[in-house]
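Chemist: I'd like to go over a predicted model; first the sequence, then the structure.
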Amino acid sequence: MLARQFTFGKNERLKSRKQIEQLFAEGQTFTVFPYRMYYTVNREAFKSQNRKNNLQFGIGVSGKNFKKAVDRNRIKRLTKEAWRLQKLSLQQRLKEKDVQLNVFFIYSSSKLAEYKYLHEKVHVILSKLDKLIDENNSPPS
């Protein structure tokens, strides 16, 4: 079971063009340098679509800042790894609250960063998302 906790499967990737467009059009945003975050918290969609995954993730890196695909892919790979290792507590929290969260990272720096730095930033983002879920998910009065 331990090995299955830290996976990043196909169903956890934000691939649907419709969902991504909705995320950019209607989603909220915040910045934790070097990332700009877009996210949507959706309670109804999770219940109606009866999905197994309640957390979907995507990442983009500008070709303007990084001309070489090797550099863009490295940033994506390091960010995905940091996300994969730290997302578990957020995922469990979403299951408890019965909510779906779509998240999209945009890397906005023009410099390559080390893994340790990105890992710390992803941790900050996850704790911020955790707080935002509590705020957005307070019971209706």
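Modeler: That came through fine.
Chemist: following the helix or strand of the chain with the lowest mean pLDDT, which helix or strand shows up next?
Modeler: The weakest-scoring helix or strand in the chain, judged by mean pLDDT, DSSP states H and E, is helix 44-49 (a mean of 54). Following helix 44-49 in sequence order, the next helix or strand is strand 55-61 (DSSP states H and E).
Chemist: what about residue 99, how many residues close to it?
Modeler: By the criterion of other Cβ atoms under 10 Å, residue 99 has 20 neighbours. All C-beta spots, glycine's among them, are computed from the backbone N, C-alpha and C.
Chemist: Leaving aside the residues adjacent along the chain, what's closest to it?
Modeler: Leaving out its chain neighbours, the residue that sits closest to residue 99 by Cβ to Cβ, 6 or more residues apart in numbering is residue 43, at 5.1 Å.
Chemist: next one: residue 119
Modeler: Once flanking residues are discounted, residue 119 sits nearest to residue 82: 4.3 Å by Cβ to Cβ, 6+ apart.
Chemist: what angle separates the longest helix along the chain from strand 55-61?
Modeler: For the chain, the longest helix by residue count, based on DSSP state H, is helix 115-136. Here helix 115-136 runs at 130 degrees with respect to strand 55-61, directions being taken by axes from the mean of the first three to the mean of the last three Cα atoms, to 10 degrees.
Chemist: I would like the residues contacting helix 115-136, please.
Modeler: 28, 30, 32-35, 37, 39, 41, 75, 78-79, 81-83, 85-87, 89-90, 93-94, 97, 99, 101, 103, 105 (Cβ atoms under 8 Å, 6 or more residues apart in numbering).
Chemist: Could you export it as PDB, CA atoms only?
Modeler: Taking Å, rounded to 0.1, in the frame of the first residue of the first chain, the C-alpha atoms of helix 115-136 are listed here in PDB:
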ATOM      1  CA  TYR A 115      14.800  20.500  -6.800                       C
ATOM      2  CA  LYS A 116      15.100  21.400  -3.100                       C
ATOM      3  CA  TYR A 117      13.900  24.900  -3.800                       C
ATOM      4  CA  LEU A 118      10.900  23.700  -5.900                       C
ATOM      5  CA  HIS A 119      10.100  21.100  -3.300                       C
ATOM      6  CA  GLU A 120       9.800  23.800  -0.600                       C
ATOM      7  CA  LYS A 121       7.700  26.000  -2.800                       C
ATOM      8  CA  VAL A 122       5.300  23.100  -3.600                       C
ATOM      9  CA  HIS A 123       5.000  22.500   0.100                       C
ATOM     10  CA  VAL A 124       4.000  26.200   0.600                       C
ATOM     11  CA  ILE A 125       1.500  25.900  -2.200                       C
ATOM     12  CA  LEU A 126      -0.100  22.700  -0.800                       C
ATOM     13  CA  SER A 127      -0.500  24.200   2.700                       C
ATOM     14  CA  LYS A 128      -2.100  27.300   1.100                       C
ATOM     15  CA  LEU A 129      -4.500  25.100  -0.900                       C
ATOM     16  CA  ASP A 130      -5.300  23.200   2.300                       C
ATOM     17  CA  LYS A 131      -6.400  26.400   4.000                       C
ATOM     18  CA  LEU A 132      -8.300  27.500   0.900                       C
ATOM     19  CA  ILE A 133     -10.300  24.300   0.900                       C
ATOM     20  CA  ASP A 134     -11.400  25.000   4.500                       C
ATOM     21  CA  GLU A 135     -12.500  28.500   3.600                       C
ATOM     22  CA  ASN A 136     -14.300  27.400   0.500                       C
END
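Chemist: Thanks a lot, catch you later.
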